[in-house]
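J.: Test case, fold it:
(one chain, ligands or ions: 1)
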Amino acid sequence: MFRLIILSILILFSNNLSASAISHAPIGVMADHFHKKGEWMVSLRVTHMEMKKNILNGESISNDEILKQPNPYATMPMMMKMPMNLSVIPQKMTMKMIMLGAMYAPSDKVTLMGMAMFNDKEMTLDTYQGMMQRKYLGSFETSSSDLSKVSFSALYNLHDSDDSRWHLIFGLEKSIGENSKKGMVLTPMNMKSSITLPYGMQSSDSAFRLITGITNVRNIKDFILGNQLLVKKVIDEKDWNYGDEFEYNIWLQGAFSQSTSYSVRLNYKDQDSIDGRDERIMAPVQTANPFNYGGDVLSIGLGFNTVFDLFGGKHKDRFSFEIIKPIDQNKNGLQMKDDLTIQIGFQKML
Ligand SMILES: [Cu+2]
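T.: Sure thing, here's the model as predicted:
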């Protein structure tokens, strides 16, 4: 009888451990864990990101200064009406993303992961006269929303012990949304006109990417230290595509209790500028120049994970929240500045 009690306490305890809040990374980290044979998990992530103001090679720049920047398309033949200088200035951009994911482990060594991402973008811009006094003409908005990309990955469990686990990530990502969407803009001639929206406002770049990565999660006393390296490389180039991406995450987690944990994360992302170009994208605005994309950004995230019973079932429901603030932005050329990102997630093992 005594043995039975000990055994059931042990089983209860080990169940609780795998269901603890701290057993998953902050929600902004993808592919942070793998599963045991036969396990299924579904997840939903909602992200809200804002960009405000502009930076030139990482330094703040005013609207007046931007109006003095050359318009690279001004000297193109056939572009008689193009102003010599930039005349349309992005003021604010909001991106909302919804990510649906599923994980399944056919064995203890391999976990398969599929994801689909939907995004919605909105940008507010100010238009100034193309020449003379460069008077402010007005403000307008452009937007786009579409299913943006799908990915399929395999996580390979290299090592799994009580105090450390390692896994490799191999995946393919296909960008599938629209990439030649048009929008109404206010031109520096003070006319409304429909143009192909600049790269950053398109839902997709149609590229195909290879994802490779490695994750380590270890216990250090009562804390968890996670490290992840991710590389996304374009393997099927189109007319244009966003550059290759390198991302590094390091996070430290502590537990308030079995069911709630907190985290601090540093995220470093370095992306190349856009390769190629779309001949139709030509406007006196920074976002029409493929060079004004990419660069490196270092951010800090504060997160919170909790597990509890909401929908019932064999496993608990997991809710997570993370707020991310950039601390150093060295973006290429002239770009909008990243502001806060908020991410909320729900995960459930079936
Ligand atoms: Cu999972």
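J.: okay, now His48: neighbour count?
T.: 14 (other Cβ atoms under 10 Å). For glycine as for every other residue, the C-beta is placed from the backbone atoms N, C-alpha and C.
J.: other SSEs contacting the helix or strand encompassing it?
T.: Assessed by DSSP states H and E, His48 sits inside strand 40-56. The contact analysis (3 or more Cβ pairs under 8 Å, 6 or more residues apart in numbering; DSSP states H and E) places strand 40-56 against strand 59-61, helix 63-66, strand 88-104, strand 334-349.
J.: make it 6 Å
T.: The contact analysis (3 or more Cβ pairs under 6 Å, 6 or more residues apart in numbering; DSSP states H and E) places strand 40-56 against strand 88-104, strand 334-349.
J.: among the ones you listed, which is nearest the ion?
T.: Smallest distance to the ion across these (Cβ to the ion): 4.0 Å, for strand 88-104.
J.: export the helices and strands packed on strand 40-56 to TSV and tack on mean pLDDT and distance to Gln253?
T.: Shown next, in TSV, are the helices and strands packed on strand 40-56 (pLDDT from 0 to 100; distance: least, Cβ to Cβ, whole Å):
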stretch	mean pLDDT	distance to Gln253
strand 88-104	97	20
strand 334-349	96	15
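J.: Can you lay out those as CSV showing distance to the ion?
T.: Conversion of these to CSV gives the following (distance: least, Cβ to the ion, whole Å):
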stretch, distance to the ion
strand 88-104, 4
strand 334-349, 6
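J.: do you know which of these lies nearest Gly58?
T.: With respect to Gly58, and counting by Cβ to Cβ, the nearest of the helices and strands packed on strand 40-56 is strand 334-349 at 9.4 Å.
J.: Tell me the strands beside the closest one, with direction?
T.: Take DSSP bridges as the rule and strand 334-349 pairs in its sheet with strand 40-56 (antiparallel), strand 317-331 (antiparallel).
J.: and the first one with the ion, contact?
T.: Yes. Interface with the ion: strand 40-56 contributes Met41 (Cβ under 5 Å from the ion).
J.: Now that strand: buried residues?
T.: By neighbour count on 16 or more other Cβ atoms under 10 Å, the buried set for strand 40-56 is Met41, Ser43, Arg45, Thr47, Met49, Met51, Asn54, Ile55, Leu56.
J.: now the last one, nearest residue through space, not along the chain?
T.: In space, Leu56 comes closest to Leu334 once its chain neighbours are excluded; the distance is 4.9 Å by Cβ to Cβ, 6 or more residues apart in numbering.
J.: ok, that neighbour touching Tyr293?
T.: No. Applying Cβ atoms under 6 Å, one finds Leu334 not in contact with Tyr293, separated by 10.4 Å.
J.: How far does the strand with the most length in the chain sit from its chain's centre?
T.: Counting residues, the longest strand found in the chain (DSSP state E) is strand 136-160. Between the centre of strand 136-160 and the centre of its chain there are 6 Å (Cα atoms, centre = their mean, to the nearest Å).
J.: now do stretch 193-204
T.: Relative to its parent chain, stretch 193-204 has a centroid offset of 19 Å by Cα atoms, centre = their mean.
J.: ok, and what's touching it?
T.: 121, 142, 144, 146, 148, 175-185, 187, 274, 280-281, 287-288 (Cβ atoms under 6 Å, 6 or more residues apart in numbering).
J.: That stretch: which residues count as buried?
T.: Buried residues in stretch 193-204 (16+ other Cβ under 10 Å): Ile195, Thr196, Leu197, Pro198, Tyr199, Gly200, Met201, Gln202, Ser203, Ser204.
J.: do stretch 320-330 as well
T.: Buried, per 16+ other Cβ under 10 Å, within stretch 320-330: Ser320, Glu322, Ile324, Pro326, Gln329.
J.: per-residue pLDDT, the residue in the stretch 151-300 of the chain positioned nearest to the ion?
T.: As assessed by Cβ to the ion, the ion sits closest to Leu155 within the stretch 151-300 of the chain, at 9.2 Å. Looking at Leu155, its pLDDT is 97.
J.: Quick one: residues contacting it.
T.: With Cβ under 6 Å, 6+ apart, Leu155 has these contacts: Ala31, Phe34, Thr111, His167, Ile169.
J.: got the phi/psi numbers for Met201?
T.: phi -90, psi -10 (degrees, to the nearest 10).
J.: Need the per-residue pLDDT for it.
T.: Value for Met201, per-residue pLDDT: 95.
J.: Pass me the low-pLDDT residue ranges in the chain, would you?
T.: 1-19, 76-80 (pLDDT under 70).
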